[in-house]
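Asker: build me a structure from this.
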Amino acid sequence: MANLVETDIKVTGMTCHHCVMNVSEALEEVPGVKTVAVSLEEARARVAYDAEATTPDALARAIEDAGYHVA
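Answerer: Just a heads-up that it's a prediction; the model follows:
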């Protein structure tokens, strides 16, 4: 059974909607991620994920690998 968790991640370095798409796509590729909502205005990503399949560190790593920073 999935252990669904929702978290907000502060993302810095996004300057446009293309950045939002990049962050969204990077997070969606992480195994266990169910939903992603990235806000340029709020500089954050809200992610729902299966805690048995991934971790907050893996989510942060995906954002950083895409060229952005986690605050």
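Asker: mind listing the strands for the chain?
Answerer: For the chain, the strands defined by DSSP state E cover 4-12, 33-39, 44-50, 69-70.
Asker: could you give me the buried positions within the longest helix that the chain contains?
Answerer: Longest helix in the chain, counting residues (DSSP state H): helix 17-28. By 16 or more other CB atoms under 10 Å, the buried positions in helix 17-28 come out as 19-20, 22-24, 26-27. Just so you know, the C-beta spots here come from the backbone N, C-alpha and C atoms, and that holds for glycine as well.
Asker: where's stretch 55-71 relative to the chain centroid, distance-wise?
Answerer: 7 Å (CA atoms, centre = their mean, to the nearest Å).
Asker: contacting residues around that stretch?
Answerer: The list of residues contacting stretch 55-71 from outside it, by CB atoms under 8 Å, 6 or more residues apart in numbering, reads 7, 9-14, 19, 22-23, 25-27, 29-30, 33, 43, 45, 47, 49.
Asker: of the strands of the chain, flag the one that's most buried.
Answerer: Counting by mean count of other CB atoms under 10 Å, strand 44-50 has the highest mean neighbour count of the strands of the chain, with a mean of 20.
Asker: okay, that one in PDB with CA atoms only?
Answerer: Provided in PDB are the C-alpha atoms of strand 44-50 (Å, rounded to 0.1, in the frame of the first residue of the first chain):
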ATOM      1  CA  ARG A  44       7.800  26.500  -4.700                       C
ATOM      2  CA  ALA A  45       6.900  23.000  -5.800                       C
ATOM      3  CA  ARG A  46       4.100  21.000  -4.100                       C
ATOM      4  CA  VAL A  47       4.700  17.300  -4.600                       C
ATOM      5  CA  ALA A  48       2.600  14.300  -3.600                       C
ATOM      6  CA  TYR A  49       4.700  11.200  -3.500                       C
ATOM      7  CA  ASP A  50       4.900   7.600  -2.200                       C
END
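Asker: any idea how far it is from the middle of the chain?
Answerer: 6 Å.
Asker: what do you get for stretch 32-42?
Answerer: Going by CA atoms, centre = their mean, where stretch 32-42 is centred and where its chain is centred differ by 6 Å.
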